[in-house]
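Undergrad: 3D, please:
(one chain, ligands or ions: 1)
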Amino acid sequence: MRIPYLLGALVLLLTVTTFAQTAPANSPQFKIDTMDKSIDPCTDFYQYACGDWLKTATIPPDQSEWASFIELEERNRDILRGILEKASVDNPNRDAITQKIGDYYSSCMDEATVDKEGIVPLQPELDRVAKVQNKQELIDAVARAYMIGPNPLFVFYSSPDLHDSSKVIGNLDQGGLTLPDRDYYIKDTPQMVQMRKTLTDYITQIFTLKGESGQQAFESAQTILRIETELAKASMDRTLRRDPKTQDHKMARKDADKLAPNFHLERYFHDIDAPSFNNVNVANPDFFKQVNGVIASESLDDLKTYVTWHLLNDAAPYLSQPFVDAHFKMRQALTGQKEQKARWKRCVSYVDRGLGEALGQKYVDLTFGADGKQRMLKMVDALEASLKTDIQDVSWMTPETKHEAELKLEAIKNKIGYPDKWRDYSKLKVERGDFLGNYFRANLFESHRQINKIGKPVDRDEWEMTPPTVNAYYSGAFNEIVFPAGILQPPFFDKSADEAVNYGSIGMVIGHELTHGFDDEGRKYDAQGNLHDWWTPQDAKAFESRASCIANEYGNFTAVDDLKLNGKLTLGENTADNGGARVALMALENTLAADKNSPAAKTLDGYTPEQRFFLGYARVWCEKRQPEYSRMLVSVDPHSPGKYRVDGVVQNMPEFQKAWGCKAGQPMVSQNACRVW
Ligand SMILES: [Zn+2]
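TA: The predicted structure follows:
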């Protein structure tokens, strides 16, 4: 499923500094230049580890935050730019992949053509909506919009069946909003009220650019806000959605149709060329009833305005400058980003989004060696062994559930660097000089690819992130951990750095992803990736009580200004951070015990291996954010801010207190330390 642009940045897990200094492996030195040694590590470890960095780092005007993973993203982007500039040189001898990525990039960089054409490339799509005569035909317009980009009214996507993870099922889910979350439409805080005003200003401006009069455009904006507010009211809260059971409503196709007869689901499936299938999962049935009501109560003209809006909003970044600027202004209000990114930066991102596994092939050719993969595999093994010991040792779980947990752990697969099998883009046509057309064709290609999977066996070789991505993920349905090549670089993973530092950074990331298989969400999936309860009631209760300790702890942290973190929204990530740090440290201790003479087992530059572990850990989370962005993330991001990814974790760890000689009563020694794993 395509991720709306505003949410695209939020899955982020990790980081890397751009030019980490490295020493030869045979004479390790410890170099972390982010620290403020005037701070007591037991008072605020994040300040101690990041203080010097925080004093000098500034958020570049084209970013909404600055952190080591953003630095690494920028470095990756430079590499991708080099690839794309070369690929975009028109040359009949280019291979098919080079032609596609090169011409996509070139069509994006051809700003003069894009500006000259204005709204013209989108006009045929707007005309389709304009020609709609009745509410049945409206469904055709909704289906067409879905295929080429936006998701008006709702989203449709394919995924493994929650109860049979070997088969792909279609899912109908809530959607159809422009702002990042239902809260933006429902909450009456001054910030949310202001954001709705910014939204209607944005809509008014875009409709004016499209050619409506000021008054007409203003009325269109009111219509859209009204419809989206109705959809938001029936949208399920993001925190509740963390429980996959809340979205488990598989039903016969005809029953889904009965939920929302005004929607004409059969017509929709026909329009999108869906293969034949009998069952579909309706993730939020109440939402579908609401969509049914909205179609009934709104006039055909207003519904057409709404669908038109979603086409305009989705295409705006691909149109001429006035559309791009209006779109950016909305983004700016949400994220605090001061300036638009340079065009080449945006163009690199668009190619990564549309042709990620084509561009990714060229990226890994340049950057990713077999030695890196071998060393990662060794660390993954070490981390799995530690988590196994941890499961065996916990006091609160019965042998029965422990056995099931071990089976699940053993079944976790890993993917490192890039896919074994690259996606075949041969059916996707990319044309020089047709930027919006390329965007639409890439979306059509992806929509068909997703829809054609329905009813077929799950392809276990697929990746959900592109190789240059600076991130990692765990998938419950696939029961796998995945690390794109983009993150396997300093400071996350530094081939020449001391092992203690690497275990604190990439080791903790591996531990974090493994622990996701056993957080409040992941624990509901079994070894095969099915939604199946393998916990005894007693163990489930013990888990919930330990998890609620973490939810309460983080729920008391202040994210920005007066806003506290949402302890329940961030519970899974915080559980993974705490468990990940603990099993990574265990893995380091095991590695050091196996080779007491290794340089990593010694004190370096005055720091013990354990201290270097925690410093390596904290450094990747040093971050600065615009306050607007911090506010948005409180509503939508399941991750805690960097400060709490560090301090929240270490204050729960007796191992940290031992490493730094912290005493009871100091801030980094929690009185009520929480621990799940
Ligand atoms: Zn995570």
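
Undergrad: Hmm, residue 255 and residue 265 touching each other?
TA: No - using Cβ atoms under 8 Å as the test, residue 265 is too far from residue 255 to be in contact (10.2 Å). C-beta: built from backbone N, CA, C; applies to glycine.

Undergrad: who has more neighbours, the two?
TA: Comparing residue 265 with residue 255 by other Cβ atoms under 10 Å, the one with more neighbours is residue 265, at 22 against 14.

Undergrad: and the gap between whichever residue of the stretch 101-250 of the chain sits closest to the ion and residue 516?
TA: Nearest residue of the stretch 101-250 of the chain to the ion, counting by Cβ to the ion: residue 242, 11.9 Å away. Using Cβ to Cβ, to the nearest Å, one gets 12 Å for the distance from residue 242 to residue 516.

Undergrad: Mutual contacts of these two, please.
TA: residue 572 (Cβ atoms under 8 Å, 6 or more residues apart in numbering).

Undergrad: Neighbour count: those two, which is higher?
TA: residue 516 (25 against 17).

Undergrad: and the gap between the more buried one and the ion?
TA: Here the criterion is Cβ to the ion, to the nearest Å. By it, residue 516 lies 5 Å from the ion.

Undergrad: Give me the spatial nearest neighbour of that residue, chain neighbours excluded.
TA: Distances taken as Cβ to Cβ, 6 or more residues apart in numbering place residue 474 nearest to residue 516, at 3.7 Å, with adjacent residues excluded.

Undergrad: Give me the contacts around the strand or helix carrying that neighbour.
TA: Per DSSP states H and E: residue 474 is located in strand 473-475. Outside strand 473-475, the residues that touch it by Cβ under 8 Å, 6+ apart are 11, 13, 464-465, 480-482, 513-514, 516-517, 522, 529, 576.

Undergrad: Swap in 6 Å and give it another go.
TA: Residues from elsewhere that reach strand 473-475, judged by Cβ atoms under 6 Å, 6 or more residues apart in numbering: 481-482, 513, 516-517.

Undergrad: How many neighbouring residues does the spatially closest residue to residue 100 that is not a sequence neighbour have?
TA: Take residue 100 and drop its neighbours on the chain: the residue closest to it by Cβ to Cβ, 6+ apart is residue 430, 4.4 Å away. Using other Cβ under 10 Å, residue 430 has 25 neighbouring residues.

Undergrad: For residue 97, see how far away residue 430 is.
TA: 10 Å.

Undergrad: With residue 67 instead?
TA: 32 Å.

Undergrad: Over to residue 214?
TA: Distance of residue 214 to residue 97, computed by Cβ to Cβ: 47 Å.

Undergrad: Now do the same contact list for the residue nearest to residue 100.
TA: Contacts of residue 430 by Cβ under 6 Å, 6+ apart are 100, 103-104, 438.

Undergrad: any idea which strand is longest in this protein?
TA: strand 164-174 (DSSP state E).

Undergrad: and it, which residues are buried?
TA: Buried positions in strand 164-174, judged by neighbour count with 16 or more other Cβ atoms under 10 Å: 165, 167-174.

Undergrad: And for stretch 188-205?
TA: So, applying 16+ other Cβ under 10 Å, buried residues of stretch 188-205: 192, 195-196, 198-205.

Undergrad: how about those in TSV, adding secondary structure and pLDDT?
TA: Shown next, in TSV, are the buried residues of stretch 188-205 (DSSP: H, G, I helix; E, B strand; the rest coil; pLDDT from 0 to 100):
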residue	secondary structure	pLDDT
192	helix	97
195	helix	98
196	helix	98
198	helix	98
199	helix	98
200	helix	98
201	helix	98
202	helix	98
203	helix	98
204	helix	98
205	helix	98
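
Undergrad: Farthest pair within the residues you listed?
TA: Spanning the widest gap among those are 192 and 205, at 20.4 Å by Cβ to Cβ.

Undergrad: Give me the sheet partners of the helix or strand containing residue 414 and which way each runs.
TA: Using DSSP H and E, residue 414 maps to strand 413-417. Partners of strand 413-417 in the sheet, by DSSP bridges, are strand 480-484 (parallel).

Undergrad: Not including adjacent chain positions, what is the nearest residue to the residue of the stretch 101-250 of the chain closest to the ion?
TA: Distance criterion Cβ to Cβ, 6+ apart; nearest residue to residue 242, sequence neighbours excluded, is residue 521 at 5.3 Å.
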